[in-house]
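> I would like the atomic coordinates for the input below:
(2 chains)
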Amino acid sequence: MNIDAAFASLKAAPLLWLLVTGLAYLLAEKLFRKSGHNPLLHPVLVAIALIIVVLSVARIPYPDYFSGARLLHLLLGPATVALAVPLYDNLQRVRSLLVPLSVSLFVGGVTGIVSALLLGKLFGLSWPVQVSFAPKSVTTPIAMALADKLGGLAPLTANLVIITGILGAIIVVPLMRWLKVTGEIEQGLALGVAAHGVGTARGFQLSTTTGAFSGLAMGLNGVLTSVVLPVILAFWPH
Amino acid sequence: MLYGFCVLVLFQLIGEVASNLLHLPLPGPVLGMLLLAAWCVWHRGVDPRLAQVAQGLLGYMGLLFVPAGVGLMLLGPVLRDQGLAMLPVLVLSLVITMAVTALTMKAMLNRHRRKLRNRVLVRRKGKADEH
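Numbering: from 1, shown residues only, chains lettered A, B, ... in the order given. Have a look, this model is predicted:
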């Protein structure tokens, strides 16, 4: 039995990369738990890094990897649709604070898009990279779908979104102290609008109210951005 | 399980078809999400079979980004040329967005509370006048 031949047939089996992805994620989740949920060790980023190392060392081209891991990628669509369930649950909260919430959400969501585009231009990023940055504050599946549809680089967006969430989770407490914003609702909203799911997880560490409003803001900002971003980009000079 | 999954896939497909036919800039799955949320509002609730599948899928959402995220390895040249400039864009845009959202909400909530208080005062005054 030739070891090289066995290795070659293993590399050709598409399920191998599904398994590698699953194992890398399990390992990354374990590290995340062991570190006491340190946001810098976000399991998605760690899993991506681990797999990139494995593929580079084994000299596997990305398309070969992706054809194996495609099954997981395909589930992203139904999972995005599934966001309707927490969105519906959170919508029940909107009623009492309809006006303050919608105004802040609109102002915050548009600020997220416009600031990314303006700063991107200022720092000389190319147009596809600017488009990849524009939806960086919304939850990854929506951001990736938007980047893909509007001429951005979806893999870049996926990583930017997660890094944004991690930074948001780290800076929220000092930033809010500096701005003298003490209310749980305001903090939750800021986390959800700017830092999506990772921010919401941080919100629940601060208090249940903060987490709940963060979850609501994340859902609504996903909706707002997917409607507003195509309009802004259509009129944005580039 | 299968029922809930079929509902999700059905809404995604409706979203994709509608997005293509109507030339909407919204991605199909996002439109599907909006339609499903509207469906839940219409029916005033979420079918427990759907809720169960949604919870299961969302619990592993992170895993589902990984295959696309690994595509970063193809973006070596972009990262080499623009990676350094990306950092300030990311950090500044994040800080601005967070600060603007929090301060707007603070101002709006203050206004909202003042209004509520005034309404209560007016009501009390009205009652006092009746006596």
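> element containing the closest residue to A:H42 other than its chain neighbours?
Computed as C-beta to C-beta, 6 or more residues apart in numbering or on different chains, the closest residue to A:H42 that is not its neighbour in sequence is A:I166, at 5.4 Å. Placement of C-beta: from N, CA and C, glycine included. Using DSSP states H and E, A:I166 sits in helix A:154-179.
> centre of the chain to that helix, how far?
10 Å (C-alpha atoms, centre = their mean, to the nearest Å).
> list the buried ones in it?
A:154-172, A:175-176, A:179 (16 or more other C-beta atoms under 10 Å in any protein chain shown).
> ditto for stretch A:96-115
Within stretch A:96-115, the residues that count as buried by 16+ other C-beta under 10 Å are A:97, A:100-101, A:103-115.
> and the residue most central in space within chain A, how far from A:N221?
The residue lying closest to the centre of chain A (C-alpha atoms, centre = their mean) is A:T140, at 3.2 Å. Distance of A:T140 to A:N221, given as C-beta to C-beta, to the nearest Å: 13 Å.
> which residues are common contacts for the two?
Common neighbours of A:T140 and A:N221, counting by C-beta atoms under 8 Å, 6 or more residues apart in numbering or on different chains, are A:H196.
> looks like A:F123 contacts B:A85 (just checking).
Yes - counting by C-beta atoms under 8 Å, A:F123 sits close enough to B:A85 to count as a contact (4.0 Å).
> hey, C-alpha coordinates of stretch A:166-179 in PDB?
Extracted in PDB, the C-alpha atoms of stretch A:166-179 (Å, rounded to 0.1, in the frame of the first residue of the first chain):
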ATOM      1  CA  ILE A 166     -14.800  41.800  17.600                       C
ATOM      2  CA  LEU A 167     -13.500  45.300  17.800                       C
ATOM      3  CA  GLY A 168     -17.000  46.600  18.700                       C
ATOM      4  CA  ALA A 169     -17.300  44.100  21.500                       C
ATOM      5  CA  ILE A 170     -13.900  45.200  22.900                       C
ATOM      6  CA  ILE A 171     -14.400  49.000  22.700                       C
ATOM      7  CA  VAL A 172     -18.000  49.400  23.700                       C
ATOM      8  CA  VAL A 173     -17.500  49.800  27.400                       C
ATOM      9  CA  PRO A 174     -14.700  52.400  27.300                       C
ATOM     10  CA  LEU A 175     -16.300  54.300  24.400                       C
ATOM     11  CA  MET A 176     -19.600  54.500  26.200                       C
ATOM     12  CA  ARG A 177     -17.900  55.600  29.400                       C
ATOM     13  CA  TRP A 178     -16.000  58.300  27.400                       C
ATOM     14  CA  LEU A 179     -19.300  59.500  25.700                       C
END
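> now the longest helix along chain B and helix A:154-179, what's the angle there?
When chain B is parsed with DSSP state H, its longest helix is helix B:76-130. Between the axes of helix B:76-130 and helix A:154-179, defined by axes from the mean of the first three to the mean of the last three C-alpha atoms, to 10 degrees, the angle is 40 degrees.
> now helix B:76-130: mean pLDDT?
For helix B:76-130, mean pLDDT rounds to 87.
> what packs against it?
helix A:98-122, helix A:127-133, helix A:154-179, helix A:184-206 (3 or more C-beta pairs under 8 Å, 6 or more residues apart in numbering or on different chains; DSSP states H and E).
> would you list those in CSV and tack on mean pLDDT?
Below are these laid out as CSV (pLDDT from 0 to 100):
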stretch, mean pLDDT
helix A:98-122, 94
helix A:127-133, 94
helix A:154-179, 90
helix A:184-206, 88
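> measure how the helix holding A:I166 sits relative to helix A:184-206, angle-wise.
On the basis of the same axes, to 10 degrees, helix A:154-179 is oriented at 110 degrees to helix A:184-206.
> can you give me the angle helix A:154-179 makes with helix A:98-122?
Using the same axes, to 10 degrees: helix A:154-179 against helix A:98-122 is 120 degrees.
> and helix A:154-179, what other elements does it pack with?
Packed next to helix A:154-179, using 3+ C-beta pairs under 8 Å, 6+ apart, are helix A:43-58, helix A:127-133, helix A:140-150, helix A:184-206, helix B:61-69, helix B:76-130.
> which residue ranges make up the domains of chain A?
A:3-73, A:81-235 (automatic domain parsing).
> most tightly surrounded among those domains?
Highest mean neighbour count of the domains of chain A: domain A:81-235, a mean of 22 (counted as mean count of other C-beta atoms under 10 Å in any protein chain shown).
> how long is it end to end?
The first residue of domain A:81-235 is 28 Å away from its last residue (C-alpha to C-alpha, to the nearest Å).
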